[in-house]
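*Asks:* Next come a sequence and a model predicted from it.
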Amino acid sequence: MTAAVSAHRRWKYLPQYLAIAPFFVLFAIFGVYPVGYSLWLSLQRWNGVSEMKFVGLANFRFLLTDTAFWDAIGNTLLIWVMSTIPMLVLSMLVALGLNSSVRHKGFLRVAYFLPNVTSIVAMSLVFGSFFSSEFGVLNWFLGLVGVDPVQWLTDPWAIRIAISLMIIWRWTGYNAIILLAGLQALPQDVYEAAKLDGAGPVQTFFRVTLPLLRPVLLFSVVMSAIGGLQIFTESQILLGDRGGPEGAGMTMVLYFYNTAFADNDFGYGAAIAWGIFVVVVLFSILNWRLVQRPARGGEK
Amino acid sequence: MNRTAKPGTLLTYGAMVVGALITLFPYYQLAVMASNTTADIYSSPPTFWFGGHLFENIGEVFAKIDFFGSLLNTLVVAIATTVLVLFFDSLAAFTFAKYDFPGSNVLFGILLATFVVPTQLAAIPQFDLMAKFGLVGSLNALIIPAAANAFGIFWMRQYARGAISDEVLEAARVDGAGFFRTYLSVGLPVLRPALAFLGIFTFVNAWNDYLWPLVVLIDSNHTTLQVALSQLNGLYLQDYAVVMAGTLVAIVPLVIVFLFGARHFIRNIAAGAVKG
């Protein structure tokens, strides 16, 4: 191809390049540049106002021994496990219910989904009142069945359960809708075969439905991992910037927010952000291997 | 489906309704708390029925924070973001779906790779950038970075690939329609269902966004609703009825907007997960 033709070719596609340009321009300014700059920042001591001071890898050396950061990782993963497992079980039950021949499906679907689009700030305030140890409705309900009042916002384990409950409330309907779509896409002939073989409903669920649903289930797990590692608002509203007593509700992102924007420690904040990035990447690789395990060729 | 309900079906129905009621209980209790006095809320046993103080509490909210200012700011941000995202994302998605130009695959690959970048990695430099642009405290700091996004382009491209037929594009070309003309007259009408979904999705997220507005609208007398709510809670923690009234009026507009498009929206959430 001659230079003239190639120039012509390039001009020919100018409208297409312009059409996709906005995203790439914005990403260059608000994505590429900031990520590069944050790497530079992580090597500095800087409060955002005074002169930057180059400190080399000191921030990262401190990060590796910073128990507060490791605790935040631990809390985040604990809350993720404590919320994701019950949430998936509940989502599965709701999805099976919606897939059966119940009435008012339209209403039920919207009712279960609504929490997902409601402001986390708003609902954290509402749940905060539920968790009040003396006057909260949760302890009152527990009292009805003979359970002693729980110190929801002061006991470290109760704090993690409280945050997990809010996540479960928010995401059960969303995942139920996804699992429902998976259920509806399953081939019907397998069920007829199972029926002919005399399999009961429970056996059919564990032997047929669950294995066939695996890709959709994994999608839910991956999505909840991406979201779960970013937990911030529930903790911050419920417990404040410090994550409550013993920092039991201190998550990775809350620790980052605290360091960078409450304490104005931008250099160390940038190092924490890179630390979170590493955790997210490791977690993603783990998830990805989980997804890839049944070797299926062809499609990516 | 048979009309005579089997006992198993009835049991399932009952369980589903109870689950839905538990899910909706926080909304109900929010309305109960917002219509009672703080003393009524902090009573044992708790109040489970509406009181007569709703308007008095809402009046208190309006006196304590600039609710309408925050509402207006939130609306401006949510609407501006949604309009920009719908335009830029659909244009890019249409292009990636239907045109093969040098570098298109590589560029789309780069676009997918941007999903990996966690938001907090960019947060401090973004704040610094906004300070340099003089945009700290300005709504533009929320709108501009959010004006186009990888998720929307990716999602809409999937839709556009199947929905827009090559024959129609070819016919438009033969008729002498340029690229942009084709996007407007062929692409956009076909993409309408996808636009409706992405529109609601973007609006809801912009409305509920908290961390970035909290950071970048610092020292500002105009905030968004979410930040105003958090401030109301911080300042008037003892005045629980007022905080709940503020919470109620802050979620009602969005819940109404959502209910209008709920069925369509939920269908698309599901479709995206199974196909994508």
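*Replies:* Great, that's in hand.
*Asks:* so where's chain B shaky on pLDDT?
*Replies:* B:1-7, B:219-220, B:272-276 (pLDDT under 70).
*Asks:* Now the helix or strand that contains B:Thr74: buried residues?
*Replies:* Using DSSP states H and E, B:Thr74 sits in helix B:67-98. By 16 or more other Cβ atoms under 10 Å in any protein chain shown, the buried positions in helix B:67-98 come out as B:67, B:70-71, B:73-75, B:77-78, B:80-82, B:84-86, B:88-98. Placement of C-beta: from N, CA and C, glycine included.
*Asks:* Assess the claim that A:Asn258 and A:Leu239 are in contact.
*Replies:* No: proximity of A:Asn258 to A:Leu239 does not meet the contact threshold set by Cβ atoms under 8 Å, at 11.7 Å.
*Asks:* Let me see the contact set for the closest residue in space to A:Asp265 that isn't next to it in sequence.
*Replies:* In this structure, A:Asp265 finds its nearest non-sequential neighbour in A:Thr259, 5.0 Å apart by Cβ to Cβ, 6 or more residues apart in numbering or on different chains. Taking Cβ atoms under 8 Å, 6 or more residues apart in numbering or on different chains, we find A:Thr259 in contact with A:Asp265, A:Tyr268, A:Gly269, A:Ile272.
*Asks:* Check what pLDDT A:Thr259 gets.
*Replies:* Residue-level confidence at A:Thr259 comes out at 94, pLDDT.
*Asks:* ok, now A:Ala7?
*Replies:* 63.
*Asks:* residue contacts, the residue nearest to the spatial centre of chain B?
*Replies:* Geometric centre of chain B, nearest residue: B:Val204, 1.4 Å, by Cα atoms, centre = their mean. Applying Cβ under 8 Å, 6+ apart to B:Val204 gives the contacts A:Val117, B:Leu254, B:Val257, B:Phe258.
*Asks:* farthest pair in these?
*Replies:* Across these, no pair lies farther apart than A:Val117 and B:Val257, at 9.1 Å, counting by Cβ to Cβ.
*Asks:* These two - which one has more neighbours?
*Replies:* The neighbour count for A:Val117 versus B:Val257, taken as other Cβ atoms under 10 Å in any protein chain shown, is higher for A:Val117 (24 against 16).
*Asks:* Touching, the more buried one and B:Ile256? I think so.
*Replies:* No: judged on Cβ under 8 Å, A:Val117 makes no contact with B:Ile256 at a distance of 11.5 Å.
*Asks:* mind listing the helices for chain B?
*Replies:* B:7-34, B:38-41, B:54-64, B:67-98, B:104-113, B:119-132, B:140-143, B:150-163, B:166-174, B:179-182, B:188-208, B:211-216, B:225-235, B:240-275 (DSSP state H).
*Asks:* Please dump these into TSV; it should also carry distance to A:Leu186 for every row.
*Replies:* Putting the helices of chain B into TSV (distance: least, Cβ to Cβ, whole Å) gives the following:
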stretch	distance to A:Leu186
helix B:7-34	18
helix B:38-41	47
helix B:54-64	47
helix B:67-98	29
helix B:104-113	28
helix B:119-132	36
helix B:140-143	42
helix B:150-163	21
helix B:166-174	32
helix B:179-182	39
helix B:188-208	24
helix B:211-216	39
helix B:225-235	40
helix B:240-275	11
